[in-house]
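**Q** Could you work out the structure for the sequence below:
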Amino acid sequence: MCVEALPPPSSRLTRRGVLAGAAALAGTVAAAGPATAGPRSTDARPAASGGGSPRGGSLVIEGGTLLDPATGDVTENSVIVIVDGTVRAAGARGDVAVPRGAETLDAHGRWVMPGLIDAHIHLSTTAEALDAVRQGATSARSGSTSFYQDIAVRELARHSPGLAPRLVAAGVFVTPDLGETVLADPDLTPLARLKDGVRSAEALRRVVEVNIARGADVVKTRVNERAGLPEQDPLAQVYSREQLSEIVRAARKGGKGVLCHSYSERGCDDAVAAGIRSLEHGVFVGERTLHEMRRRGTYFTPTLTAIAGLAESADPVLAERGRAYLPVLKRAVLAAHETGVPLAAGTDSSGGTVRPIGREVELMRAAGLPALDAIRTATTGAARLLGLERTVGRLARGFSGDAIVLDGDPLADVSVLRRPVRVVRAGLAA
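**A** Numbering: from 1, shown residues only. Below is the predicted model:
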């Protein structure tokens with residue numbers, strides 16, 4: 001069955017209509033309502049507070065030890081001034097003027113860092129979005145959702161930043177078997193007739209084009225089957241290099257990059273050769289492929305947290321898979337770092353469970369990365385992957401007012417990133 005004769009994605013199905021439907025699925029109608037203002041002065045202790053406006057909030061974080069991941073500089077007794085969600089100034093107390101009457105957050109005795117970035121997460125509900133923020137992920141990149149919920153979460157973050165991470169949305173998965181996702185969009189339903197699934201060049205282009213028409217920022221596809229399903233073989237290849245190249249061409253035509261779910265050595269190599277922007281999981285990525293990734297500037301998002309989670313599964317097949325894969329992936333991460341491949345942290349959280357992005361940084365450190373480099377995978381490095389390097393990943397003038405307050409020195413013990421004592425999203429305490 002060919003889909004080439006079908007017309008372009010319908011303009012009658014508007015982006016607003018897609019967002020309204022996805023918002024209903026994600027539960028954003030209730031969450032998007034006005035939130036109450038927080039106290040005038042707050043202490044850096046875990047507490048629920050809210051607030052949200054299209055511009056973000058205004059806040060002064062004072063007294064903490066500030067870490068700049070870009071330079072590694074540490075500033076004691078720092079002051080960060082956030083106005084309307086954006087950093088106006090950051091530095092030592094004597095060098096920064098504090099606006100009179102400003103709302104303050106006391107961070108004395110604690111460390112302050114930019115909010116973290118989860119470069120691979122599946123957010124389908126408002127509860128998941130808020131949970132991600134409260135665990136320190138103030139920005140994120142979606143790994144796709146079944147019915148465009150991530151696009152709605154992205155819009156929620158834009159008008160109510162305290163409720164969701166700033167999100168780069170992937171829309172729906174480009175995969176051979178769309179399953180019920182064909183009902184996400186009338187322009188996808190003809191693909192249900194395809195006997196062999198989404199495999200032809202025409203079908204692959206169609207899913208990419210519909211995603212872009214509905215507002216996706218990036219395109220997500222796969223080269224291998226899933227590791228998290230015991231009945232599937234993660235080393236089995238589902239798309240060829242030629243098919244992946246078709247997806248990449250269609251995405252580039254729309255100005256988008258591609259992230260690719262990959263496991264096997266050949267699958268990783270085919271995905272990189274096809275021109276993907278980032279390799280996801282990549283357990284058995286080979287040395288030759290890593291050198292090619294460095295040459296092309298292809299990112300590696302290993303999702304160590306997800307693989308470590310398999311080892312804790314009650315299913316014996318998944319538990320054994322996790323135990324076997326995790327040390328291999330750690331070696332791949334260290335080899336990538338030593339080769340010069342850019343790394344980005346991602347948890348691959350999904351299904352209602354949001355894992356702390358700080359755990360991924362901890363596993364990067366355990367794989368052999370120096371502490372500062374591990375921290376960069378969830379700050380400056382991930383920011384470059386998302387195209388947000390001038391917006392997030394640092395607490396410097398002009399950057400977003402996203403911050404986390406920590407109980408200890410992350411350069412001495414990165415595990416403190418798993419439990420931020422306070423999170424600030426666009427100047428709003430989460």
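**Q** Name the next helix or strand downstream of the helix or strand of the chain with the lowest mean pLDDT, please.
**A** Lowest mean confidence among the helices and strands of the chain (mean pLDDT, DSSP states H and E): strand 41-43, at a mean of 38. Counting by DSSP states H and E, the element after strand 41-43 in chain order, helix or strand, is strand 59-62.
**Q** Give me the average confidence score over that next one.
**A** Averaging pLDDT along strand 59-62 gives 98.
**Q** So what's the gap between the helix or strand following it and the chain middle?
**A** Sequence-wise, the next helix or strand downstream of strand 59-62 (DSSP H and E) is strand 65-67. Offset of strand 65-67 from its chain centre (Cα atoms, centre = their mean, to the nearest Å): 24 Å.
**Q** next one: phi and psi at the residue of the chain most remote from its centre?
**A** Residue farthest from the centre of the chain, counting by Cα atoms, centre = their mean, is residue 100 at 36.4 Å. Dihedral pair for residue 100: phi -60, psi 140, per degrees, to the nearest 10.
**Q** Tell me the secondary structure of the closest residue to residue 237 other than its chain neighbours, please.
**A** With sequence-adjacent residues excluded and distances taken as Cβ to Cβ, 6 or more residues apart in numbering, residue 237 is closest to residue 267, at 5.1 Å. To be clear about C-beta, it is placed using only N, CA and C from the backbone, and glycine gets the same treatment. Following DSSP: H, G, I helix; E, B strand; the rest coil, the label given to residue 267 is helix.
**Q** the strands in the stretch 251-400 of the chain, which residues?
**A** 258-262, 278-281, 299-301 (DSSP state E, counting those that start in this stretch).
**Q** May I see the ones you listed arranged in a markdown table, with mean pLDDT and distance to residue 323 as well?
**A** A markdown table is the format used below for the strands of the stretch 251-400 of the chain (pLDDT from 0 to 100; distance: least, Cβ to Cβ, whole Å):
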| stretch | mean pLDDT | distance to residue 323 |
| --- | --- | --- |
| strand 258-262 | 98 | 20 |
| strand 278-281 | 98 | 16 |
| strand 299-301 | 99 | 22 |
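**Q** Domain-wise, how is this protein divided?
**A** The chain is divided into the following domains under automatic domain parsing: 37-115+393-430, 116-390.
**Q** where does this protein have low pLDDT?
**A** The model of the chain has pLDDT under 70 over residues 1-8, 10-55.
**Q** And the helices in it?
**A** 15-26, 28-31, 126-134, 149-159, 201-213, 241-253, 265-274, 287-296, 304-311, 316-339, 357-366, 371-376, 380-385 (DSSP state H).
**Q** right, so of those helices, which gets closest to residue 183?
**A** Across the helices of the chain, residue 183 has its closest neighbour in helix 15-26 (10.6 Å, Cβ to Cβ).
**Q** of all the helices of the chain, which lies closest to residue 72?
**A** Using Cβ to Cβ, the helices of the chain put helix 371-376 closest to residue 72, at 5.2 Å.
**Q** And that closest one, how far out from the chain middle?
**A** 17 Å.
**Q** Need the contact partners of that helix.
**A** Outside helix 371-376, the residues within contact range by Cβ atoms under 8 Å, 6 or more residues apart in numbering are 67, 69, 72, 113, 337, 361-362, 364-365, 410-412, 414, 417.
**Q** redo that, cut-off 10 Å
**A** The contact list for helix 371-376, computed with Cβ atoms under 10 Å, 6 or more residues apart in numbering, reads 67, 69-72, 113-114, 116, 333, 337, 342-345, 358, 360-370, 379, 381-384, 393, 409-414, 417.
**Q** Only whichever of those residues are buried, select them in ChimeraX.
**A** Restricted to buried positions by 16 or more other Cβ atoms under 10 Å, the ChimeraX selection for the contacts of helix 371-376 reads:
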select :67,69,113,114,116,333,337,342,343,344,345,358,360,361,362,363,364,365,366,367,369,379,381,382,383,384,393,410,411,414,417
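**Q** ok, back up a step: right, and the helices of the chain - which one's nearest residue 93?
**A** Nearest of the helices of the chain (Cβ to Cβ): helix 371-376, 23.8 Å.
**Q** quick one, what contacts the nearest residue to residue 415 once chain neighbours are set aside?
**A** Using Cβ to Cβ, 6+ apart and skipping residues adjacent in sequence, the residue nearest residue 415 is residue 362, 5.2 Å away. Neighbour list for residue 362: 304-305, 308, 345, 356, 371, 374, 410, 413-418 [criterion: Cβ under 10 Å, 6+ apart].
**Q** In TSV: the residues you listed, plus distance to residue 135.
**A** Formatted as TSV, the contacts of residue 362 follow (distance: Cβ to Cβ, whole Å):
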residue	distance to residue 135
304	16
305	12
308	16
345	13
356	4
371	20
374	17
410	15
413	17
414	15
415	13
416	13
417	10
418	8
